[in-house]
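[1] sequence first, then the predicted structure:
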Amino acid sequence: MRVLGVDPGLTRCGLGVVDGLAGRRVRMVAVGVARSDPAADVDQRLLAIEAQIEEWLEEHAPDTVAIERVFAQHNLSTVMGTAQVAGIAMVAAARRRIPVALHTPSEVKAAVTGSGRAEKAQVQTMVARLLGLDELPRPADAADALALAICHLWRPAGALGAPQRPPASGLTSAQARWAAAEQAARRRG
């Protein structure tokens, strides 16, 4: 299974693609950060982030998108931007009929480090170790996106508490086969 992890943020949105392998092993496919200009109007910032998420979905053809579940923080403007980016990531995935899972920060930390209260540095260190990376993934948003993908591979129901719909839900059997063939072709190409 291939998972795109999204750590939503309006200035920096972490993106990480991880493949699940046999025996709970994981392999990093790609990691990066979608950025927007803090001086731009919010609609233009969201449009810039959405375009970059769309590129990642097209290029990496994930089976699922795992997004950090937004929760109330002290800074309302930060929460609003984070929630808006999470929403556009969900819409981009839904447009392609890719299932979406939400995971809380503590769930992600527990999956990767064994402790739901782990610090950012611990998460980065464990992500690097689990993926066999020579360096810590930076910035922290990128490491968090990889951690989200790993968490989803190991805890697929996510914060929603229910099984995810299959990627081809709502399609006829012929459409489902066509979608699977397109996805496989994108991965090879």
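    Arrived safely, thanks for sending. Just so we're clear, the structure is a prediction, and the values are computed from it rather than from any experiment.

[2] for the rest of this, base every contact and every neighbour count on C-alpha atoms.
    Noted.

[3] quick one: the helices in this structure?
    For the chain, the helices defined by DSSP state H occupy 42-60, 76-95, 105-113, 120-131, 140-154, 173-188.

[4] which of those helices sits closest to residue 3?
    Closest to residue 3 of these, according to CA to CA: helix 140-154, at 5.4 Å.

[5] that older thread, please work out which of the helices of the chain is packed deepest.
    helix 140-154 (a mean of 28; mean count of other CA atoms under 10 Å).

[6] for that one, packing partners?
    Contacts defined by 3 or more CA pairs under 8 Å, 6 or more residues apart in numbering; DSSP states H and E place helix 140-154 against strand 2-7, strand 12-21, strand 25-35, strand 64-68, strand 100-103, helix 105-113, helix 120-131.

[7] do you know which of these lies nearest residue 151?
    helix 105-113 (5.4 Å).

[8] that closest one versus strand 2-7: what angle between them?
    Inter-element angle recorded for helix 105-113 and strand 2-7: 130 degrees (by axes from the mean of the first three to the mean of the last three CA atoms, to 10 degrees).

[9] how far does helix 105-113 sit from the chain's center?
    The chain centre lies 14 Å from the centre of helix 105-113; the measure is CA atoms, centre = their mean, to the nearest Å.

[10] report how many residues lie close to residue 69.
    Residue 69 has 20 neighbouring residues, counting by other CA atoms under 10 Å.

[11] so for it, what's the pLDDT?
    Looking at residue 69, its pLDDT reads 92.

[12] next one: residue 15
    So residue 15 comes in at 98 (pLDDT).

[13] how about it, what does it touch?
    When contacts are counted by CA atoms under 8 Å, 6 or more residues apart in numbering, residue 15 touches 4-7, 31-34, 141-142, 145-146.

[14] report the beta-bridge partner residues of it.
    Bridge pairing for residue 15 (DSSP bridges) gives the partners residue 6, residue 32.

[15] what's the answer for the one 4 residues further on, then?
    Beta bridges link residue 19 to residue 2, residue 27 when assigned by DSSP bridges.

[16] what is the neighbour count of it?
    Using other CA under 10 Å, residue 19 has 19 other residues around it.

[17] surely it meets residue 2?
    Yes. Using CA atoms under 8 Å, residue 19 makes contact with residue 2 at a distance of 4.4 Å.

[18] re the thing from before, got CSV for the helices and strands packed on helix 140-154, with distance to residue 45 too?
    CSV is the format used below for those (distance: least, CA to CA, whole Å):
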stretch, distance to residue 45
strand 2-7, 16
strand 12-21, 10
strand 25-35, 8
strand 64-68, 19
strand 100-103, 22
helix 105-113, 24
helix 120-131, 26
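
[19] lowest-confidence helix or strand of the protein?
    Every helix and strand of the chain was ranked by mean pLDDT, DSSP states H and E. The lowest is helix 173-188, at a mean of 60.

[20] follow-up on the earlier one: out of the helices and strands packed on helix 140-154, which comes closest to residue 154?
    Closest approach to residue 154 among these (CA to CA): helix 105-113, 7.3 Å.
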